[in-house]
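[1] Coordinates only, no sequence provided:
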């Protein structure tokens, strides 16, 4: 997708790492043809199990950002959580796939915490903690002067 929450930022990050990015969205004709060429698929469609296994290139890496309710009479809640990718079938084709729930959710929480910390730092007149060094690599705690062994 091309959302400001996932699609655009991920596209920018991947482009910044010299990836060739094709963005597929709700108005893309025959999305499966584009997805079939991808080595990495980041799905953020907002539709349960929209991306099918047969769309995937064998060995593709699939990052499923979606979280949707799907009716399930076998579940006591009457529904179960699924992603935007048909996980059960896609895991047979992909080399790696994030599960839903439990895939990108913990990373989302970590980034919310980092953003909250940076907002607090800003309110105290302190600069934000950087995420990447000048070479584009993630910054380790030690590079920020933080003792990662402290409890």
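    Sure, I can see it. Because the structure is a prediction, the values reported are computed rather than measured.
[2] surely residue 25 meets residue 7?
    Yes. With contacts counted by CB atoms under 8 Å, residue 25 reaches residue 7, the gap being 7.3 Å. (C-beta placed from N, C-alpha, C; glycine too.)
[3] Any buried residues in the longest helix anywhere in the chain, and which?
    Using DSSP state H to define each element, the chain has its longest helix at helix 105-123. For helix 105-123, the neighbour count (16 or more other CB atoms under 10 Å) marks residue 118 as buried.
[4] quick one: contacts of it?
    By CB atoms under 8 Å, 6 or more residues apart in numbering, the residues outside helix 105-123 that reach it are 67, 127, 128, 129, 131.
[5] about what we covered before: hey, what's in contact with both of residue 25 and residue 7?
    Contacts common to residue 25 and residue 7, judged by CB under 8 Å, 6+ apart, are residue 1.
[6] Tell me how many other residues crowd residue 30.
    Neighbour count for residue 30, taken as other CB atoms under 10 Å: 9.
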